[in-house]
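Participant: what's the 3D shape of this:
(one chain, ligands or ions: 1)
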Amino acid sequence: MAGRNHLYVPGPTNLPERVMNAMHVQSVDHRSPIFPNLLKPLLADLKKVFKTETGSAFIFPATGTAGWEIAFTNTLSPGDKVLIYRFGQFGHLWANMAQRIGLDVTLVERPWGEGIPVDDLQQRLQADSGHDYKAVLATHNETSTGVTSDIAVVRKAMNAAGHPALLFVDGVSSVASIDFRMDEWGVDGIIAGSQKGFMLPAGLALVAFSEKALGKMDSAGFPRCFFDLRDQLNNNKDGYTPYTPSIPLLYGLRAAMDMLFEEGLDKVFARHQRLGAGTRAAVKAWGLEICAQPGFESNTVTAVVVPKDKDAREVIGTAFNKYNISLGGGLSEVAGKVFRIGHMGDMNEVSMLGAIAGVEMALLDNGYDIKAGSGVAAALDYYRKAL
Ligand SMILES: Cc1ncc(COP(=O)(O)O)c(C=O)c1O
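Facilitator: Predicted coordinates:
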């Protein structure tokens with residue numbers, strides 16, 4: 001189709017020209033004396049994005065899923081108890097990995113669209129007087145339902161219960177788009193990936209661990225090799241990696257973090273807040289609901305619920321085939337029930353108006369009872385006032 005495909009899936013996100021250009025380079029020797037000039041500042045700057053001074057950041061040639069496994073295998077042992085709430089596909093997959101590698105998982109079901117129920121969390125931790133739970137797994141932003149949980153409040157609940165469990169946070173679709181504060185919120189392991197707020201292709205697992213978590217490395221009973229943080233630490237201290245890094249992705253990460261810092265992280269978060277709020281205003285104007293319950297609305301992705309007699313896949317199909325825009329589908333339990341609009345990464349108000357216009361046309365084509373232009377009008381009204 002003529003023109004560009006407009007990518008509004010909640011990851012991978014659009015690649016800024018600057019990032020693409022930065023990656024279009026000849027390979028360099030990753031054992032050369034100049035390689036540390038690239039890697040050391042990347043690790044230091046990653047800590048700034050995670051907002052940690054006391055933790056250590058790591059870059060693995062892998063994806064977010066690997067980040068989950070890195071956290072488990074370096075800090076826990078087979079049979080250890082972990083606590084997780086399932087209210088979306090990524091929490092489901094994280095719990096599933098925990099079960100498959102041999103952790104003892106307490107999986108608490110919640111309706112999809114809700115976030116972490118902190119009162120319930122506090123009660124469960126208080127009841128665990130023997131401190132059997134070794135880790136709490138918290139999905140900061142559940143990408144499948146467009147739900148953001150408040151990690152500061154999760155930490156408060158853990159402290160109120162006086163529980164020493166590690167706090168692991170999946171920040172794959174929040175970090176670098178929604179405020180995240182590792183040290184302030186007492187997070188022991190944060191897991192991110194390159195293909196969302198970092199505006200890169202997939203291929204880097206970007207993680208950081210607290211001193212407390214790193215203190216478990218030697219006693220952790222899981223076998224690990226590629227994911228062993230000790231090998232990273234041994235090599236990273238001199239600016240090297242235990243195995244061949246993806247050089248173009250590292251150059252891309254340099255450019256992406258430069259862009260984030262030049263805009264300023266607070267402005268990046270404020271922009272995502274605006275993009276999300278404008279999208280939600282459009283959905284409201286269409287008379288449709290979002291999947292996220294009030295108070296849990298995500299600023300990186302909106303999952304729009306379609307009426308019971310409709311199949312969201314038809315909207316996604318029309319949007320792609322007729323209007324050349326890519327929307328996210330509903331995953332697992334919400335397949336066919338929602339479509340997702342990503343508003344994450346290299347996006348601005350006008351990009352979102354394109355998304356909203358495209359969705360609006362696809363909705364009209366599929367017989368939705370909406371007024372042409374209503375979503376666009378609501379969003380642009382919001383953006384003009386908010387900017
Ligand atoms: C919240 C969340 N966690 C984990 C993942 C898995 O990451 P990856 O696909 O990079 O392995 C995703 C991917 O979309 C995600 O959105």
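Participant: for the ligand, what are the nearby residues on the chain?
Facilitator: Residues of the chain lying close to the ligand by CB under 6 Å from any ligand atom are 11, 63-65, 90, 139, 141, 143, 170, 172-173, 193, 202. All C-beta spots, glycine's among them, are computed from the backbone N, C-alpha and C.
Participant: who wins on neighbours among those?
Facilitator: Using other CB atoms under 10 Å as the neighbour criterion, residue 139 leads the residues of the chain next to the ligand with 34 neighbours.
Participant: any figure for the gap between it and residue 330?
Facilitator: According to CB to CB, to the nearest Å, residue 139 stands 17 Å off from residue 330.
Participant: what about the nearest residue to residue 374 once chain neighbours are set aside, neighbour count?
Facilitator: Leaving aside its sequence neighbours, residue 374 sits nearest to residue 285 (CB to CB, 6 or more residues apart in numbering; 4.3 Å). Look at residue 285: counted by other CB under 10 Å, it has 21 neighbours.
Participant: do residue 361 as well
Facilitator: Neighbourhood size, residue 361 [other CB under 10 Å]: 17.
Participant: residues in contact with it?
Facilitator: Residue 361 sits next to 318-319, 322-323 when contact means CB atoms under 8 Å, 6 or more residues apart in numbering.
Participant: any chance of the residues of the chain next to the ligand in TSV, with distance to residue 301, pLDDT and secondary structure too?
Facilitator: Formatted as TSV, the residues of the chain next to the ligand follow (distance: CB to CB, whole Å; pLDDT from 0 to 100; DSSP: H, G, I helix; E, B strand; the rest coil):
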residue	distance to residue 301	pLDDT	secondary structure
11	8	97	coil
63	18	98	coil
64	15	98	helix
65	18	98	helix
90	11	98	helix
139	13	98	strand
141	7	98	strand
143	6	98	coil
170	14	98	strand
172	11	98	coil
173	6	98	coil
193	14	98	strand
202	16	98	coil
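Participant: what's the farthest-apart pair in the residues you listed?
Facilitator: 139 and 202 (18.3 Å; CB to CB).
Participant: ok, residue 242 to the ligand distance?
Facilitator: Counting by CB to the nearest ligand atom, to the nearest Å, the gap from residue 242 to the ligand is 20 Å.
Participant: not counting its neighbours along the chain, what's nearest that residue?
Facilitator: Of all residues not flanking residue 242 in the chain, residue 231 sits nearest, at 4.1 Å (CB to CB, 6+ apart).
Participant: distance from the host helix or strand of that neighbour to the middle of the chain?
Facilitator: Per DSSP states H and E: residue 231 is located in helix 229-236. How far helix 229-236 lies from its chain's middle: 25 Å, per CA atoms, centre = their mean, to the nearest Å.
Participant: using PDB, write out the CA atom coordinates for whichever strand or helix holds residue 95.
Facilitator: Assessed by DSSP H and E, residue 95 sits inside helix 89-100. Output of helix 89-100 as PDB, limited to C-alpha atoms (Å, rounded to 0.1, in the frame of the first residue of the first chain):
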ATOM      1  CA  GLN A  89      -1.800 -12.000  29.500                       C
ATOM      2  CA  PHE A  90       1.700 -10.900  30.600                       C
ATOM      3  CA  GLY A  91       1.100 -11.600  34.300                       C
ATOM      4  CA  HIS A  92      -0.200 -15.000  33.100                       C
ATOM      5  CA  LEU A  93       2.900 -15.700  31.100                       C
ATOM      6  CA  TRP A  94       5.200 -14.600  34.000                       C
ATOM      7  CA  ALA A  95       3.400 -16.900  36.400                       C
ATOM      8  CA  ASN A  96       3.500 -19.600  33.800                       C
ATOM      9  CA  MET A  97       7.300 -19.300  33.600                       C
ATOM     10  CA  ALA A  98       7.600 -19.300  37.300                       C
ATOM     11  CA  GLN A  99       5.600 -22.600  37.500                       C
ATOM     12  CA  ARG A 100       7.600 -24.100  34.600                       C
END
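Participant: packing partners for that helix?
Facilitator: Counting contacts by 3 or more CB pairs under 8 Å, 6 or more residues apart in numbering; DSSP states H and E, helix 89-100 packs against helix 64-75, strand 81-86, strand 104-109, strand 133-139, strand 141-142, strand 166-170.
Participant: name the helices or strands packed onto the helix or strand following the shortest one?
Facilitator: Under the assignment DSSP H and E, the closest C-terminal helix or strand after strand 141-142 is strand 147-148. For strand 147-148, the elements it packs on are strand 141-142, judged by 3+ CB pairs under 8 Å, 6+ apart.
Participant: what's the strand it packs on in contact with?
Facilitator: Outside strand 141-142, the residues within contact range by CB under 8 Å, 6+ apart are 87-91, 115, 147-149, 170-174, 178, 298, 300-301.
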